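Asks: coords please:
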Amino acid sequence: MKVFRSIRWRLQFWYALLLALVLAGFGLSAYEIQRTEVTRSTDAELERRVGNLARLLRPPPPVAGRPRRPPEDAPGAAEGDELPGDDLDGPPEPGRPRDPDAPVRRENLALGLLPEELADYSTDGPGKWYYVIWLRNGPALTRSAHSPADVPRPERRSPRDGPAVRVRGPLREGYLALGPGDFVVVGHDITADLAGLHRFGWLMAGVAGLVLILGLVGGHWLVGRSLRPIAEISAAASLVAAGRLDQRIATSDTESELGELAAVLDATFARLEAAFVRQARFTADAAHELRTPLAVMLMHTQNALAVTCGAEEHAEALAACQRAAQRMRALTEALLRLARLDSGAQPLSRVPLDLAARAAEGIELVRPLADRRGITIRAELPPAPCTGDPEQIDQVITNLLTNAIEHNREHGEVMISTRMTPGGASLTVADRGPGIAADHLPHVFERFYRADASRSRASGGVGLGLAIARAIVEAHGGTLTVASHPGQGAAFTMTLPSEKLGDRTAAV
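Replies: Modelled structure (predicted):
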């Protein structure tokens, strides 16, 4: 089912499972601790009471100089004779073994027990206390009023073993061996304790269930809040896919991982929108550039087809068509080159070269154009080793020099220089023309962009030279930037990754 494949319900399930396991572990641990504490407390009280009875049952030691008498059932014993244990000096020290020949005085039990203990042994029902005493392997010598009739004699054990505990259903009994065959058993009905433990267990279960329900509700809210950016991302992506490229992900949580993803997607959507805008403008500009030569060709073709045209008009029409076709071919080749650069299909070789040497060759190539306009070219060309495709780098340098000559004032000056920078080998071409306004600077490398009339297509260019130059430089891993102030000319700077070469000086 789809609901079980949802991230929300998967997180909710694992959260609920983990919470349930934690609560179960905590509840069982608390119950076990409580049960252990109740058992330990009961066993300690049983051992105390067994020890108390044992001390009361042991006779005191004989007083020096006083003769011992045989038991009252011994031959020769007379009425009124003193029995062991009649001495009121008190019980012996704890741990002193009982004299097996001395009888047990039951009156000592009543005289030595505390009132609350006597009350406990006289109470019947759940929680009652009782004792049973055996002597010399015979039947029980004495027992409390409400002791069970089926209390078994303990197993044989030595007095040195100390008190022990046994469990019989709801009864927990402590026993101690006083001598061979002599035992004291003290029991306690733990029905009330077990009922209290059961109540505690149900209380813990109820509290755990309540915490689990509250945790599930809180977890559902927390998971929904955590996954809210996903819904916002999905909604924005759907609108972008439908053509609303201006949509962005409206999320205020920018610190979480999903917030960072939303920021990355917003940046991607912004670049996508900008790319579509550039593509639309590029298509419109290309159509505009192609429409002009096509209109020229159609007009001259129609004139040439007119029957009134002579040979001279036909020659002019053909020349105009040729110029228009050449312009269209140049534009088509530039568009094809840009498309190859954009797709990465343009072959690119990387060999060591020197920007100074390439600049010197470019200067010689454009010098006739500079001479026609009276432009002076000044060069400062220290070695600037780098790597790149010599043919494409030559095209960039020639384009920058031609651009500086065409957009310079008459009898102006072009300055070309090379240098090494931390970013690599750098080449700068600067003119002394009218410059470029600040609001046009960000767009000078855009395709078909017209900053002003001074940089129009009147010279016959197709308006793609700077765009092609920047694409070539970026394909080499370099940068091409421009700086300009109105009335002070413009300076274009190309920087390419450097490559250590031998010292080479470019001659101009």
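
Asks: Do a quick rundown of the helices in this protein.
Replies: Assigned by DSSP state H, the chain shows helices spanning 7-57, 107-112, 115-121, 191-241, 257-305, 311-343, 355-373, 390-406, 465-475.

Asks: gap between Gly27 and Ala192?
Replies: Counting by Cβ to Cβ, to the nearest Å, the gap between Gly27 and Ala192 amounts to 22 Å. From N, CA and C alone the C-beta is placed, and that goes for glycine too.

Asks: Kindly list the single helix or strand of the chain that scores lowest on mean pLDDT.
Replies: Counting by mean pLDDT, DSSP states H and E, the chain has its least confident helix or strand at helix 107-112, which shows a mean of 52.

Asks: neighbour count winner among Gly27 and Ala192?
Replies: Per other Cβ atoms under 10 Å, whichever of Gly27 and Ala192 has more neighbours is Gly27, with 18 against 14.

Asks: need the contact list for the spatially closest residue to the more buried one that is not a sequence neighbour.
Replies: Spatial nearest neighbour of Gly27, excluding adjacent residues (Cβ to Cβ, 6 or more residues apart in numbering): Met204 at 4.4 Å. For Met204, the contacting residues are Gly27, Ala30, Tyr31, by Cβ atoms under 8 Å, 6 or more residues apart in numbering.

Asks: Let me have the helices of the chain in TSV, extended by distance to Thr418.
Replies: Output for the helices of the chain, formatted as TSV (distance: least, Cβ to Cβ, whole Å):
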stretch	distance to Thr418
helix 7-57	57
helix 107-112	115
helix 115-121	108
helix 191-241	45
helix 257-305	32
helix 311-343	24
helix 355-373	5
helix 390-406	10
helix 465-475	15
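
Asks: and of the ones you listed, who's closest to His440?
Replies: With Cβ to Cβ as the measure, helix 465-475 is the member of the helices of the chain nearest His440 (12.1 Å).

Asks: And that closest one, what's buried?
Replies: Across helix 465-475, burial judged by 16 or more other Cβ atoms under 10 Å covers Gly465, Leu466, Ala467, Ile468, Ala469, Arg470, Ala471, Ile472, Val473, Ala475.

Asks: The fourth one against Thr398, yeah?
Replies: It refers to Ile468. No: taking contacts as Cβ atoms under 8 Å, Ile468 lies outside contact range of Thr398: 11.3 Å.

Asks: partner residues bridging Thr421?
Replies: Gly424 (DSSP bridges).

Asks: circling back: which of the helices of the chain comes out lowest on mean pLDDT?
Replies: Mean pLDDT is lowest for helix 107-112 among the helices of the chain, at a mean of 52.

Asks: Gly125: how many residues sit nearby?
Replies: 9.

Asks: no, scratch that, I was asking about Ser29
Replies: Close neighbours of Ser29, defined as other Cβ under 10 Å, add up to 11.

Asks: again with the one 3 residues further on
Replies: Counted with other Cβ under 10 Å, residues neighbouring Glu32 total 10.

Asks: Please report how far it lies from Ile472.
Replies: According to Cβ to Cβ, Glu32 stands 77 Å off from Ile472.

Asks: same question, Ala280
Replies: 24 Å.

Asks: same check, this time on Ser122
Replies: Separation of Ser122 from Ile472 (Cβ to Cβ): 110 Å.

Asks: Which residue lies nearest the spatial centre of this protein?
Replies: Nearest to the mean C-alpha position of the chain, counting by Cα atoms, centre = their mean, stands Glu257 at 6.6 Å.

Asks: Domain ranges for this structure, per the record?
Replies: Annotated domains of the chain cover 1-59+104-244, 257-343, 351-496 [automatic domain parsing].

Asks: deepest of those domains, which one?
Replies: Highest mean neighbour count among these (mean count of other Cβ atoms under 10 Å): domain 351-496, with a mean of 18.

Asks: now the end-to-end length of that domain.
Replies: Distance across domain 351-496, first residue to last, is 12 Å (Cα to Cα, to the nearest Å).

Asks: roughly how far is it from the heart of the chain?
Replies: 48 Å (Cα atoms, centre = their mean, to the nearest Å).

Asks: With stretch 122-139 instead?
Replies: Remark: stretch 122-139 is offset 67 Å from the chain centroid, using Cα atoms, centre = their mean.

Asks: What of stretch 210-218?
Replies: On Cα atoms, centre = their mean, the centre of stretch 210-218 falls 24 Å from the chain's centre.

Asks: what sits up against that stretch?
Replies: With Cβ under 8 Å, 6+ apart as the criterion, stretch 210-218 contacts Gln12, Tyr15, Ala16, Leu19, Ala20, Leu23.

Asks: The residues you listed: which two are farthest apart?
Replies: Checking these with Cβ to Cβ, the most distant pair is Gln12 and Leu23, at 16.1 Å.

Asks: circling back: ok, the residue nearest to Gly27 to Val38 distance?
Replies: The gap separating Met204 from Val38 is 14 Å, by Cβ to Cβ.

Asks: and what of Asp389?
Replies: Per Cβ to Cβ, Asp389 is found 88 Å from Val38.

Asks: just Arg447 next, same as before
Replies: Arg447 is 87 Å from Val38, by Cβ to Cβ.

Asks: how about the nearest residue to Leu11, chain neighbours excluded?
Replies: Per Cβ to Cβ, 6+ apart, closest to Leu11 is Val223, 4.9 Å.

Asks: Quick check, that neighbour in contact with Arg10.
Replies: No: at 9.5 Å, Val223 does not count as touching Arg10 under the criterion of Cβ under 8 Å.
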